[in-house]
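Visitor: coords please:
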Amino acid sequence: MWLNSGVPATEVAERAGHSVKVLLQIYAKCIEGQQEQANKRIDGALGE
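Guide: Sure, this is the predicted structure:
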């Protein structure tokens, strides 16, 4: 839920008592619906 809400993985990992590596190995499959937001950030960084 936290990752899907946009909380950075570093913050979630710290609060959960995991490393970022372990957090993403366990929970990456649960992250949904962020592709459009990621595309907008990438386009913004590329100046598009």
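Visitor: quick one: average pLDDT of the helix or strand that contains Asp43?
Guide: Assigned by DSSP states H and E, Asp43 belongs to helix 35-45. What helix 35-45 shows for mean pLDDT is 87.
Visitor: stretch 3-13 too?
Guide: Per-residue scores along stretch 3-13 average to 91.
Visitor: got the CA positions of that stretch in PDB?
Guide: Taking Å, rounded to 0.1, in the frame of the first residue of the first chain, the C-alpha atoms of stretch 3-13 are listed here in PDB:
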ATOM      1  CA  LEU A   3       4.700   1.800  -2.400                       C
ATOM      2  CA  ASN A   4       1.500   2.200  -4.400                       C
ATOM      3  CA  SER A   5       0.800   5.500  -2.600                       C
ATOM      4  CA  GLY A   6       4.100   6.800  -3.900                       C
ATOM      5  CA  VAL A   7       6.200   6.500  -0.700                       C
ATOM      6  CA  PRO A   8       9.800   6.100  -1.700                       C
ATOM      7  CA  ALA A   9      11.100   2.500  -1.400                       C
ATOM      8  CA  THR A  10      13.900   3.800   0.900                       C
ATOM      9  CA  GLU A  11      11.400   5.100   3.400                       C
ATOM     10  CA  VAL A  12       9.200   2.000   3.200                       C
ATOM     11  CA  ALA A  13      12.200  -0.300   3.700                       C
END
